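Student: this is a predicted model, with the sequence first.
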Amino acid sequence: MTSHVAPHAGTSREIEAWFDDHGLPYFTGDHADTVEGWLSSKRIVAVIALIVAVSVASGIVVGAVLADRGSLGTAVGVLVFLVLLGVFAGRLLRMGTMLRWAVRRTFGSLGLMFPLLTRALPLLLLAVTFLFINAEVWQVAALMSRHVLWIAVAFFAAIAAVFLLVRLPEEVRQVERDVVGERVVECCAGTPAAEAARLVTAVPPDLPRFARANLVLVLLFNQAIQVLLLSLGLFVFFVVFGSLTIPDSTVAAWTGEPVTDLPSWIGRHIPVTNELWQVSLFLSAFAGLYFTVYAVTDETYRSQFFAGVSTELEQAVAVNAVYVSLSRAP
């Protein structure tokens, strides 16, 4: 019996390492059970309550005591909450593993990303360039206080994430339906499960909720990095375009206020006005939201995007089927 069990155990360990390397820690039972235990216990409520209390206290101290500005206190409280929640979730949910895979994949396939972006860029550039030379946009974005601007950017990012989280589970369920029969063996090619897939009868089970959530999260990170790269590119475009075409006198006429410089720690690296910086940041964040909505609603873009990641999704489902079958094999 030992001669049969040891190869299975070795293959299972290799598959678990493959899951971890591909940003799929929830596909191994131990970690999924740990996360589920945390989320279903009262400890998670206590941790969230503690994070909220620290965030509120930080906002009150900064807004009412140190700066005497309520809006700044709100911004600091939100920032503290997001940072603490991110650190806690990152350690418990192993978000870093998923993010590292998404970064590697995105930068490893930049050549495939540009054809996708060119579908959305023409209309996107037309829309946001029109807004960029609109006086009302400058009056709103350029005169915002800096922390309110960052709250607006965070709001755009949150709305974009909601759009993605609504649509991405549909793509995962479609892949689950496609990986059946001989597709399991085909999809396992090039993975540690390739040999075992030919030796066991692997029937893909329904993915547990944490495994399905894991696939959604890696897709979310992958798409979010694309949106971030697009937004950064547009930010640079706006800064350069504004520096070349919009004089300070026009900016002062649009905003009704004198033109100001960036803080010295930024201005020494980026010699642009504070107003141009803020408008460029605001519109690039808005463009990121626009691109996200386009990405989840345009069928041609979605089919091209998921043609690039469907192989990874199918492999994950197929390898999981073999992994589960090995755990049940005598």
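Tutor: Looks like it arrived, so ask away. Keep in mind that what you see is a predicted model, and the values were worked out from it rather than measured.
Student: shaky segments in the stretch 1-150 of the chain?
Tutor: For the stretch 1-150 of the chain, applying pLDDT under 70 flags the ranges 1-9, 29-41, 64-71, 91-92, 108-120.
Student: now the helices for it?
Tutor: 2-21, 29-39, 42-60, 70-93, 95-108, 110-132, 135-141, 146-178 (DSSP state H, counting those that start in this stretch).
Student: just checking, what packs against the last one?
Tutor: Applying 3 or more C-beta pairs under 8 Å, 6 or more residues apart in numbering; DSSP states H and E, one finds that helix 146-178 contacts helix 70-93, helix 209-245, helix 274-297, helix 299-328. (C-beta placed from N, C-alpha, C; glycine too.)
Student: let me see the contact set for the residue nearest to Phe19 when sequence neighbours are not counted.
Tutor: Distances taken as C-beta to C-beta, 6 or more residues apart in numbering place Phe27 nearest to Phe19, at 4.4 Å, with adjacent residues excluded. Contact analysis of Phe27 by C-beta atoms under 8 Å, 6 or more residues apart in numbering lists 19, 211, 214, 316, 319-320, 323.
Student: could those residues go into JSON lines alongside distance to Thr260?
Tutor: Shown next, in JSON lines, are the contacts of Phe27 (distance: C-beta to C-beta, whole Å):
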{"residue": "Phe19", "distance to Thr260": "52"}
{"residue": "Ala211", "distance to Thr260": "51"}
{"residue": "Asn214", "distance to Thr260": "46"}
{"residue": "Ala316", "distance to Thr260": "51"}
{"residue": "Val319", "distance to Thr260": "56"}
{"residue": "Asn320", "distance to Thr260": "56"}
{"residue": "Tyr323", "distance to Thr260": "59"}
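Student: thought Phe286 was touching Leu230, still the case?
Tutor: No - contact criterion C-beta atoms under 8 Å: Leu230 and Phe286 do not qualify, at 11.9 Å.
Student: how much space separates the nearest residue to Val227 once chain neighbours are set aside from Leu281?
Tutor: Nearest residue to Val227, sequence neighbours excluded (C-beta to C-beta, 6+ apart): Gly288, at 4.7 Å. Going from Gly288 to Leu281 by C-beta to C-beta, to the nearest Å gives 11 Å.
Student: got it, and Arg13?
Tutor: In terms of C-beta to C-beta, Arg13 sits 47 Å off from Leu281.
Student: the two: which is more packed in?
Tutor: Per other C-beta atoms under 10 Å, whichever of Arg13 and Leu281 has more neighbours is Leu281, with 21 against 12.
Student: so what's the predicted local confidence for the more buried one?
Tutor: With respect to pLDDT, Leu281 has a value of 94.
Student: repeat for Trp277
Tutor: Per-residue pLDDT puts Trp277 at 92.
Student: can you pull the contacts of the residue nearest to Val317 when sequence neighbours are not counted?
Tutor: Nearest non-adjacent residue to Val317, counting by C-beta to C-beta, 6+ apart: Val179, 4.5 Å away. Listed by C-beta under 8 Å, 6+ apart, the contact partners of Val179 are 187, 204, 314, 317-318, 321.
Student: how many other residues sit next to Asn214?
Tutor: 28.
Student: and the residue nearest to Thr260 when sequence neighbours are not counted, how close does it get to Ser249?
Tutor: In this structure, Thr260 finds its nearest non-sequential neighbour in Asn274, 4.5 Å apart by C-beta to C-beta, 6+ apart. From Asn274 across to Ser249, the span is 16 Å (C-beta to C-beta).
Student: also Leu313?
Tutor: Leu313 is 54 Å from Ser249, by C-beta to C-beta.
Student: tell me which of the two has more neighbours.
Tutor: Leu313 (21 against 9).
Student: dump the residue contacts of the residue lying closest to the more buried one once chain neighbours are set aside.
Tutor: Using C-beta to C-beta, 6+ apart and skipping residues adjacent in sequence, the residue nearest Leu313 is Val175, 4.4 Å away. Residues in contact with Val175 (C-beta under 8 Å, 6+ apart) are 215, 310, 313-314, 317.
Student: which one of those has the most neighbours?
Tutor: Leu215 (28 neighbours).
Student: that residue against Leu24, yeah?
Tutor: Yes - between Leu215 and Leu24 there is a contact under C-beta under 8 Å: 7.5 Å.
Student: ok, now which ones touch the residue nearest to Thr260?
Tutor: So, once contact is read as C-beta under 8 Å, 6+ apart, Asn274 ends up touching 142, 259-262.
Student: from Ser231, how far out is the residue nearest to Val317?
Tutor: On the measure of C-beta to C-beta, Val179 and Ser231 end up 34 Å apart.
Student: ok, now Arg177?
Tutor: Applying C-beta to C-beta, the value for Arg177 to Ser231 is 34 Å.
Student: and the spatially closest residue to Gly23 that is not a sequence neighbour, how many neighbours does it have?
Tutor: Leaving aside its chain neighbours, Gly23 sits nearest to Trp101 (3.0 Å; criterion: C-beta to C-beta, 6+ apart). Per other C-beta under 10 Å, the neighbour tally for Trp101 reads 19.
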